[in-house]
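Asker: Need coordinates for the below:
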Amino acid sequence: MQTLVFLSLSSNQIGDAGVIFLANSLENNVVLKKLFLSDNRIGDQGAGALARALKGHLSLEYLGLNNNKIGNVGAIEVSNNLGKNNNLVLECLLLRNNCIEDEGARAIVMAFNKLKTLFRLDLRNNQIEDKENIEKICETCERLWLRL
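Answerer: Coordinates of the predicted model:
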């Protein structure tokens with residue numbers, strides 16, 4: 001699996017167990033560029049395992065996790081493992097239609113705000129109430145397409 005650069009498993013309902021298995025398989029693949037995992041019932045446990053597995057993937061450009069069940073714990077795992085990696089080339093992170101609240105959204109925006117390659121961050125249709133203050137975190141980041 002060393003040469004896998006694009007993987008789409010959207011709408012397969014793999015859940016946490018499936019994404020944990022996938023994460024274990026992807027740990028040694030450092031050339032993956034695009035990963036589509038929308039509509040899979042992935043929760044905090046699966047998001048955390050995936051984020052830890054992708055932590056050293058410097059070639060990852062696109063991560064689609066829309067329409068899952070990721071909450072604050074999973075969002076914080078994503079921000080801690082991916083968002084603080086300044087060498088990451090991630091351009092697009094999609095977390096629309098999950099269960100992320102203010103704490104998780106704040107962690108994501110703060111971590112990924114510093115990533116110079118990211119230009120699209122989608123957090124729409126989550127459980128975010130303090131959108132104004134979260135958007136202020138990103139005021140100095142003109143290049144980022146942020147949707148809450």
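
Asker: give me the low-pLDDT residue ranges for the protein?
Answerer: Across the chain, the ranges flagged by pLDDT under 70 are 1-2, 139-143, 148.

Asker: hmm, 90 instead?
Answerer: For the chain, the stretches flagged by pLDDT under 90 are 1-4, 26-30, 56-58, 82-88, 109-119, 130-148.

Asker: need the helices for it, in chain order.
Answerer: For the chain, helices defined by DSSP state H occupy the ranges 15-26, 44-54, 72-78, 102-112, 131-137.

Asker: now those as TSV including mean neighbour count and distance to Glu91?
Answerer: Where C-beta positions appear, they are placed from N, C-alpha and C, glycine not excepted. Formatted as TSV, the helices of the chain follow (neighbours: other Cβ atoms under 10 Å; distance: least, Cβ to Cβ, whole Å):
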stretch	mean neighbour count	distance to Glu91
helix 15-26	17	19
helix 44-54	23	14
helix 72-78	24	15
helix 102-112	21	11
helix 131-137	13	20
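
Asker: Relative to Arg120, which of those helices is closest?
Answerer: helix 102-112 (10.3 Å; Cβ to Cβ).

Asker: So which elements touch the closest one?
Answerer: Packing contacts for helix 102-112, counted by 3 or more Cβ pairs under 8 Å, 6 or more residues apart in numbering; DSSP states H and E, involve helix 72-78, strand 120-122, helix 131-137.

Asker: re the thing from before, out of the helices of the chain, the one nearest Asn87 is which?
Answerer: helix 44-54 (12.8 Å).

Asker: So which residues make contact with that closest one?
Answerer: 15-20, 22-24, 26-27, 32, 35, 37, 42, 60, 63, 65, 68-75, 77-78, 80-82 (Cβ atoms under 8 Å, 6 or more residues apart in numbering).

Asker: ok, 6 Å please
Answerer: 16, 19-20, 23, 26-27, 60, 70-71, 73-74, 77-78, 81-82 (Cβ atoms under 6 Å, 6 or more residues apart in numbering).

Asker: could you dump that helix to CSV, C-alpha only?
Answerer: This file holds the C-alpha atoms of helix 44-54, laid out as CSV (Å, rounded to 0.1, in the frame of the first residue of the first chain):
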residue,chain,number,x,y,z
ASP,A,44,-14.4,10.3,18.2
GLN,A,45,-12.5,7.0,18.6
GLY,A,46,-12.2,6.5,14.8
ALA,A,47,-11.3,10.2,14.2
GLY,A,48,-8.5,10.0,16.8
ALA,A,49,-7.1,6.8,15.4
LEU,A,50,-7.1,8.3,11.9
ALA,A,51,-5.5,11.5,13.0
ARG,A,52,-2.7,9.7,14.9
ALA,A,53,-2.1,7.5,11.8
LEU,A,54,-1.9,10.4,9.5
